[in-house]
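J.: got a sequence here, can you model it:
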Amino acid sequence: MNRTHSLIVSALIVASSFGSVGAQRRDRVPPPRDPHFYAPRNQLEDFESRLETILIKGRTYVGTVKALNGSARIEATEIRDTGSSTRVTGVVITIIADGGPPGEIRGLVDYAEIDQLIKAFDTAAKANESITKLTHFEVRYRTKGDFEIMVYKQLSGEVATAVEGGFFDRSRIYLTPDDFIKLRWFIAQAKDKLDEIK
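T.: Predicted coordinates for the structure are as follows:
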């Protein structure tokens, strides 16, 4: 009886230890974020994601820059929310890259961000070997909406320029230095068009 009793107690101890291990919850890694549902990063994205309200969108085409592997189209844009009687303006930069993700990748730049972006273009365009003591350099600037400009020295020694956009899928196009400046000029022209409708 004593032996049976100790066997039962041992079995209960073992069973209870398995029960506590089994009761511990293991959190699973959350599923990947759905590209259609993410937190807006600037005002244009906020307006574009609004539901159950009438949005009125206006655009003015400014220009297209042909790149070595695609193109970038620049448009001034305005979005009005009729429900709240509010509006937001900015620039839409649509990137189409050969060999990149299918379709167009758009970068939305709020009006308030345009001046900083233009200054970043000016700084990046002047980049050369003097900015670092190391053999290669890279200058990058990214807006809140993930439109990015870059100037860098390649392994061959030549200076290259590129722009990139997108959040879930990203596209990069490579520009000549002259086209890099042309893209900056189109963005400044888009800001001028927005100033006209204030």
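J.: where along the chain do the helices fall?
T.: Remark: helices assigned in the chain by DSSP state H are 2-23, 43-48, 111-125, 177-196.
J.: from V163, how far off is the residue most central in space within the chain?
T.: Residue closest to the mean C-alpha point of the chain, counted by CA atoms, centre = their mean, is D146 at 2.5 Å. Distance, D146 to V163, using CB to CB, to the nearest Å: 11 Å. The way it works is simple: take the backbone N, C-alpha and C, and place the C-beta from them, glycine included.
J.: give me the number of neighbouring residues for G165.
T.: If you count neighbours by other CB atoms under 10 Å, G165 ends up with 26.
J.: then E104?
T.: 14.
J.: leaving out the residues flanking it, which one is nearest to it?
T.: With sequence-adjacent residues excluded and distances taken as CB to CB, 6 or more residues apart in numbering, E104 is closest to T94, at 4.9 Å.
J.: which residues does that neighbour contact?
T.: Counting by CB atoms under 8 Å, 6 or more residues apart in numbering, T94 makes contact with 72-75, 104-107.
J.: I'd like the residues you listed as a markdown table, with distance to K198 and pLDDT appended.
T.: Shown next, in a markdown table, are the contacts of T94 (distance: CB to CB, whole Å; pLDDT from 0 to 100):
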| residue | distance to K198 | pLDDT |
| --- | --- | --- |
| A72 | 26 | 97 |
| R73 | 24 | 98 |
| I74 | 19 | 98 |
| E75 | 17 | 98 |
| E104 | 28 | 92 |
| I105 | 29 | 93 |
| R106 | 24 | 93 |
| G107 | 23 | 94 |
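J.: so where's this protein uncertain?
T.: Along the chain, segments meeting pLDDT under 70 span 1-38.
J.: surely L55 touches I79?
T.: Yes - counting by CB atoms under 8 Å, L55 does reach I79; the two are 5.8 Å apart.
J.: of those two, who's got more company?
T.: I79 (21 against 13).
J.: list the beta-bridge partners for that one.
T.: In this entry, I79 is beta-bridged to K57, V88, by DSSP bridges.
J.: how near is it to Y111?
T.: 11 Å.
J.: hey, what's in contact with both of those two?
T.: 88-89.
J.: what about D81, how many neighbours?
T.: Burial of D81 is recorded as 16 neighbouring residues (other CB under 10 Å).
J.: contacting residues for the nearest residue to it once chain neighbours are set aside?
T.: What sits nearest to D81 in space, not counting adjacent residues and going by CB to CB, 6+ apart, is T53, at 5.5 Å. The contact partners of T53, taken as CB under 8 Å, 6+ apart, are 81-84.
J.: narrow these to those that are buried.
T.: D81 (16 or more other CB atoms under 10 Å).
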